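A.B. asks: Sharing a model that was predicted from the sequence below.
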Amino acid sequence: MLDFLNKNAIYILIILIGFTLRFYNINFDSYWYDEIIGFWVADPEHSFSKSFEIHNRIEINTYTYHFILKIFYHFFSHDVSAGRYLSLFFSSISLLVIPFFFENKKIKESYLLIFLLSLNIYLISYAQEARVYSILFFFSLCSLLF
């Protein structure tokens with residue numbers, strides 16, 4: 001029982017460190033060009049067909065991210081600082097999905113993997129930008145898991 005608590009405490013500590021690094025200075029930089037495009041495409045004032053039309057003229061990624069961002073803006077606020085919190089959410093949820101890969105195995109490398117993904121500078125920087133990469137990472141992990 002004590003081993004189970006220690007294992008979960010280590011996972012929780014590493015995940016909290018990863019979340020803190022992703023949350024710290026989340027709106028420090030201004031929006032990049034592609035973030036501005038995403039902010040414009042996902043405007044809740046536009047209809048879904050209008051947003052889809054704008055997306056098809058400008059973007060090369062799938063519309064899924066902008067659709068989810070549009071719903072996010074509808075429920076929260078269409079504010080420049082709010083869009084990055086969606087990427088933060090999916091990046092943080094990704095850290096919670098990783099331990100399920102090692103659930104049935106007694107692998108000590110799972111601590112190392114969680115640690116490396118929590119401190120990965122690319123994942124941290126993409127979690128602080130309103131771009132598709134965090135949600136893409138999350139859905140890739142889920143597709144590997146299921």
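C.D. replies: That came through, no problem. Numbering: from 1, shown residues only.

A.B. asks: How about Leu144, nearest residue that isn't a chain neighbour?
C.D. replies: Spatial nearest neighbour of Leu144, chain neighbours left out: Phe101 (7.6 Å); criterion: CB to CB, 6 or more residues apart in numbering. Every residue, glycine included, has its C-beta placed from N, CA and C.

A.B. asks: contacting residues around the one you found?
C.D. replies: Residues in contact with Phe101 (CB atoms under 8 Å, 6 or more residues apart in numbering) are 110, 144-145.

A.B. asks: immediately after the strand or helix carrying Ser92, which helix or strand?
C.D. replies: When elements are assigned from DSSP states H and E, Ser92 belongs to helix 83-97. For helix 83-97, the following helix or strand on the C-terminal side (DSSP H and E) is helix 109-118.

A.B. asks: Which positions in that following helix come out as buried?
C.D. replies: 110, 114-115, 117-118 (16 or more other CB atoms under 10 Å).

A.B. asks: picking up where we left off before, can you convert the contacts of Phe101 into TSV and add a column each for distance to Gly38 and pLDDT?
C.D. replies: Converted to TSV, these look like this (distance: CB to CB, whole Å; pLDDT from 0 to 100):
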residue	distance to Gly38	pLDDT
Ser110	34	74
Leu144	26	87
Leu145	27	84
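
A.B. asks: any idea which of the residues you listed is closest to Glu35?
C.D. replies: Leu144 (27.4 Å; CB to CB).

A.B. asks: pLDDT of stretch 116-134, averaged?
C.D. replies: In this model, stretch 116-134 has an average pLDDT of 87.

A.B. asks: buried stuff in it?
C.D. replies: Those would be 117-118, 123-124, 126-134, for stretch 116-134 by 16+ other CB under 10 Å.

A.B. asks: so who does Arg84 touch?
C.D. replies: 26-27, 128-130.

A.B. asks: hmm, 6 Å instead?
C.D. replies: 26, 130 (CB atoms under 6 Å, 6 or more residues apart in numbering).

A.B. asks: Ok, the one 4 residues further on next?
C.D. replies: Contact partners of Leu88, counting by CB under 6 Å, 6+ apart, are 22, 127.
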